[in-house]
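J.: Return atomic coordinates for the entry below.
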Amino acid sequence: MKMTSFFKMSVLAAGMVAAMGANAGDTGTLNVTGTLIATSCTVDASSTTDVPFDTLSAESFAEVGAISEKKDIVLNLTECPISQTGVMFTANGASDATNNQLLALASDSTASGLGIAIYNKGGDLIPMHSASAAAPINAETGVATINLEAAAMSTSTDVTGGAFNATTTFVLSYN
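T.: Okay, the predicted model is just below:
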């Protein structure tokens with residue numbers, strides 16, 4: 001009796017499913033807890049939400065990881081929940097395809113080989129989708145200031161000149 005290819009594949013698939021089920025006996029528990037705050041901070045109009053870079057030279061990015069001069073970002077926050085002690089920034093934009101810690105350039109950018117790095121002011125790189133250092137919330141006024149920096153960072157030794165831009169939404173979280 002001849003076995004058809006379909007029958008052979010069906011038997012193989014059934015065997016694989018049976019083998020996977022052999023390890024399904026391990027169990028565990030997942031507990032989820034948290035706190036929901038009633039209000040969040042308001043980003044004040046005096047905040048730096050546009051970060052213009054001067055004209056940069058592709059020659060300045062001769063090696064992967066080279067950065068431009070850092071530009072300040074200042075998020076002035078009001079009406080923060082005084083029940084919380086600190087507030088953190090998380091960028092949720094598209095990550096660069098080569099270095100996922102960087103914000104990707106927009107698709108209409110003609111420059112290439114760069115991503116945008118976001119740093120804690122005077123400190124470490126904040127990887128995309130990760131929280132910044134906590135900025136304290138004034139318990140009396142509900143005011144906080146998150147100080148950050150941004151720099152263009154090369155992701156390739158072949159940086160191509162042209163216009164660039166990048167945009168990200170951000171989320172504020174609390175501790």
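J.: any idea which residue sits dead centre in the protein?
T.: Closest to where the C-alpha atoms of the chain average out (Cα atoms, centre = their mean) is M128, at 1.8 Å.
J.: could you measure it against S112, distance?
T.: Distance of M128 to S112, given as Cβ to Cβ, to the nearest Å: 18 Å. All C-beta atoms are positioned from the backbone trio N, CA, C, and that covers glycine.
J.: sorry, back to before: what secondary structure does the residue nearest to the centre of the chain sit in?
T.: Secondary structure, DSSP: H, G, I helix; E, B strand; the rest coil: M128 is coil.
J.: Quick one: residues contacting the closest residue to it other than its chain neighbours.
T.: What sits nearest to M128 in space, not counting adjacent residues and going by Cβ to Cβ, 6 or more residues apart in numbering, is S95, at 4.5 Å. S95 is in contact with 101-104, 128-129, counting by Cβ atoms under 8 Å, 6 or more residues apart in numbering.
J.: ranking these by neighbours, who comes first?
T.: Comparing the contacts of S95 by number of neighbours (other Cβ atoms under 10 Å), L102 comes first, having 27 neighbours.
J.: neighbours around the residue nearest to A163 when sequence neighbours are not counted, how many?
T.: Closest residue to A163 apart from its sequence neighbours, by Cβ to Cβ, 6+ apart: T110 at 5.3 Å. Per other Cβ under 10 Å, the neighbour tally for T110 reads 10.
J.: T110 sits in which helix or strand?
T.: Per DSSP states H and E, T110 falls between elements, in no helix or strand.
J.: Pick out the most distant pair among the contacts of S95.
T.: Spanning the widest gap among the contacts of S95 are A104 and H129, at 12.3 Å by Cβ to Cβ.
J.: Mind exporting the C-alpha coordinates of the longest strand anywhere in the chain to PDB?
T.: If you go by DSSP state E, the chain has its longest strand at strand 144-154. Taking Å, rounded to 0.1, in the frame of the first residue of the first chain, the C-alpha atoms of strand 144-154 are listed here in PDB:
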ATOM      1  CA  ALA A 144       8.200  68.600  37.600                       C
ATOM      2  CA  THR A 145      10.900  69.100  34.900                       C
ATOM      3  CA  ILE A 146      12.300  66.300  32.800                       C
ATOM      4  CA  ASN A 147      15.700  67.300  31.300                       C
ATOM      5  CA  LEU A 148      16.900  65.200  28.300                       C
ATOM      6  CA  GLU A 149      19.200  65.600  25.400                       C
ATOM      7  CA  ALA A 150      19.100  64.400  21.800                       C
ATOM      8  CA  ALA A 151      21.900  63.700  19.300                       C
ATOM      9  CA  ALA A 152      22.100  62.300  15.800                       C
ATOM     10  CA  MET A 153      24.100  59.100  15.900                       C
ATOM     11  CA  SER A 154      25.600  57.200  13.000                       C
END
